[in-house]
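Trainee: I would like to see how this sequence folds:
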Amino acid sequence: MSLYIDIEKTFPDFRLSLQLDAGDEVVGLLGSSGCGKSLSLKCIAGIETPDKGRIVINGDTVFDSEKRINIPPQQRHTGFLFQNYALFPTKTVWNNISSVIQKPKAQRDVIVADIVKLFQLEGVKNLYPMHISGGQQQRVALARILVSQPKILLLDEPFSALDTHLKWKVEQEIAAVLADFSGTTIFVSHDRSEAYRMSAKIAVMENGEIESAGTREDVFNSPKTLAAALITGCKNVSAAEKIEDHRVQALDWGINLQTKNTVPDAVKYVAVRSHHFECLPALPAGENAFPCYVRRTIEEPFEKIIEFSFSANSDAKLHCTLSREKFAQCNCEELFISVPADKIIFLEG
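Mentor: Residues are numbered from 1 along each chain as shown. Predicted structure coming up:
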């Protein structure tokens, strides 16, 4: 199973330019609202038509602007899970699922019974969508997609309508289903943690283009662009200039940093994730340790965040995330911060 996309679509105020190659895997399309994630799914499904380019699903070309190929949505065999689930309000759970199966009734009933059991919907199979929970509606929608035997799954912010307490449970259920799906899944999200848990590969999208792509570990540990760093949750970013191979100036922070890895010639920014800073009781000898000025502390349920700067008159506010136990050991009246040389991220754009 595979998916190949190389398309462009232009609007008066927005341009989508998407290149993506995926195999039998879950690919997370991660980006902020308005970056083109949902539009990309609609182009793959055939709901929107690109201006030019190609889309190939499992070796079958479903769109080719040069060859004038544009297969209708219903013939592309894509399973599209919309944010609102798109269930038929006047059909029961059972009939919603069975409506896409083109087989004799006896065979259809066996297929529906199996998927209803798999998704734990036996107790609501005769109810209408308005009488079941959001999590159950989502499971019905996904069950209906799977019995249609899609070649590819397109999941558009599938957990956005769920309450927090329900989100985790449904997420784990869907993850188990995707693990058994022998095809490509494109999972759209603006939630970095959700995308990381659900996807083996992640593509970061910004302004209609993929800024960075790779395994989830690579994208989070070594984002290559400013957009990728920000969307993956890095709160501390500074404009930068290379001083030498293992030394860089963080211009916004007003400090020079020694680095373990070689500083790229094209470096434009440096970044440090908030949980990689180290708080010290005193200023040690050596590199990358600085006195800091605490601006405020921020309460989290299980952590505390120290907002600080490296100089009293600096407008740059950085964030250090600590467990409550480690925070209790800090003296915020006289605090020193160390920046590990191997945790400095270089961004080239």
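Trainee: The helix or strand of the chain with the lowest mean pLDDT: which residues count as buried?
Mentor: Lowest on mean pLDDT, DSSP states H and E among the helices and strands of the chain sits helix 164-179, with a mean of 81. By neighbour count on 16 or more other CB atoms under 10 Å, the buried set for helix 164-179 is 166, 167, 170, 171, 173, 174, 177, 178. Quick note: C-beta positions are derived from backbone N, CA and C, even for glycine.
Trainee: Residue 57 and residue 151, how far apart?
Mentor: Separation of residue 57 from residue 151 (CB to CB, to the nearest Å) stands at 5 Å.
Trainee: who has more neighbours, these two?
Mentor: The residue with more neighbours, out of residue 57 and residue 151, is residue 57; 23 against 19, by other CB atoms under 10 Å.
Trainee: Looks like that one contacts residue 152 (just checking).
Mentor: Yes: if you go by CB atoms under 8 Å, residue 57 and residue 152 touch, sitting 5.6 Å apart.
Trainee: residues shared between the contacts of residue 57 and residue 151?
Mentor: When contacts are counted by CB atoms under 8 Å, 6 or more residues apart in numbering, residue 57 and residue 151 are jointly contacted by 76, 77, 78, 184.
Trainee: give the contact list for the third one.
Mentor: In this structure, residue 78 makes contact with 44, 45, 46, 57, 150, 151, 152, 153, 154, judged by CB under 8 Å, 6+ apart.
Trainee: Quick check on these: which are buried?
Mentor: Buried, going by 16+ other CB under 10 Å: 44, 45, 46, 57, 150, 151, 152, 153, 154, out of the contacts of residue 78.
Trainee: For the fourth one, give me its contacts.
Mentor: The one in question is residue 57. For residue 57, counting by CB under 8 Å, 6+ apart, the contacting residues are 2, 3, 44, 76, 77, 78, 151, 152, 184.
Trainee: Repeat that for residue 26.
Mentor: Contact partners of residue 26, counting by CB under 8 Å, 6+ apart, are 178, 185, 187, 198, 199, 200, 201.
Trainee: Which elements pack onto the least confident helix or strand of the chain?
Mentor: The contact analysis (3 or more CB pairs under 8 Å, 6 or more residues apart in numbering; DSSP states H and E) places helix 164-179 against helix 134-147, helix 192-198.
Trainee: Can you name the element that comes right after that helix?
Mentor: strand 184-189 (DSSP states H and E).
Trainee: Tell me where the longest strand sits in the chain.
Mentor: strand 289-299 (DSSP state E).
Trainee: so who does residue 251 touch?
Mentor: 238, 239, 240, 241.
Trainee: Got the confidence number for it?
Mentor: Note on residue 251: pLDDT of 96.
Trainee: Farthest-apart pair in the contacts of residue 78, please.
Mentor: 46 and 153 (15.0 Å; CB to CB).
Trainee: okay but residue 287 is in contact with residue 258, surely?
Mentor: Yes: counting by CB under 8 Å, residue 287 does reach residue 258; the two are 3.9 Å apart.
Trainee: got any residues that touch both of the two?
Mentor: Common contacts of residue 287 and residue 258 (CB under 8 Å, 6+ apart): residue 341.
Trainee: Quick one: residues contacting residue 238.
Mentor: Residues near residue 238 by CB under 8 Å, 6+ apart: 250, 251, 252, 253, 269, 270, 271, 316.
Trainee: for it, helix, strand, or coil?
Mentor: strand (DSSP: H, G, I helix; E, B strand; the rest coil).
Trainee: Helices of the stretch 201-349 of the chain, start to end?
Mentor: According to DSSP state H, counting those that start in this stretch, the stretch 201-349 of the chain carries its helices in the segments 216-221, 226-231, 324-328.
Trainee: And residue 144, how far from residue 129?
Mentor: Applying CB to CB to residue 144 and residue 129 gives a distance of 11 Å.
Trainee: out of those two, which sits in the more crowded spot?
Mentor: residue 144 (24 against 19).
Trainee: circling back: right, and the helices and strands packed on helix 164-179 - which one's nearest residue 307?
Mentor: With CB to CB, the closest approach to residue 307 among the helices and strands packed on helix 164-179 belongs to helix 192-198: 20.6 Å.
Trainee: ok, back up a step: and the furthest pair within the buried residues of helix 164-179?
Mentor: For those, the farthest-apart pair by CB to CB is 166 and 178; their separation is 18.2 Å.
Trainee: Going by neighbour count, which residues of stretch 49-60 are buried?
Mentor: Buried, per 16+ other CB under 10 Å, within stretch 49-60: 50, 53, 54, 55, 56, 57.
Trainee: Which helix or which strand is home to residue 47?
Mentor: Using DSSP H and E, residue 47 sits within no helix or strand.
Trainee: Residue 63 versus that one, what's the distance?
Mentor: Residue 47 is 12 Å from residue 63, by CB to CB.
Trainee: where are the low-confidence patches of this protein?
Mentor: Counting by pLDDT under 70, the chain shows low-confidence ranges at 1.
Trainee: And residue 12, how close does it get to residue 53?
Mentor: The gap separating residue 12 from residue 53 is 20 Å, by CB to CB.
Trainee: one step back: contacts for the longest strand of the chain, please.
Mentor: So strand 289-299 is in contact with 255, 280, 283, 304-312, 314, 317, 319, 327, 332-339, going by CB under 8 Å, 6+ apart.
Trainee: Mark which of those are part of strands, please.
Mentor: Taking DSSP E, the ones among these that sit in strands are 255, 280, 304-309, 319, 335-338.
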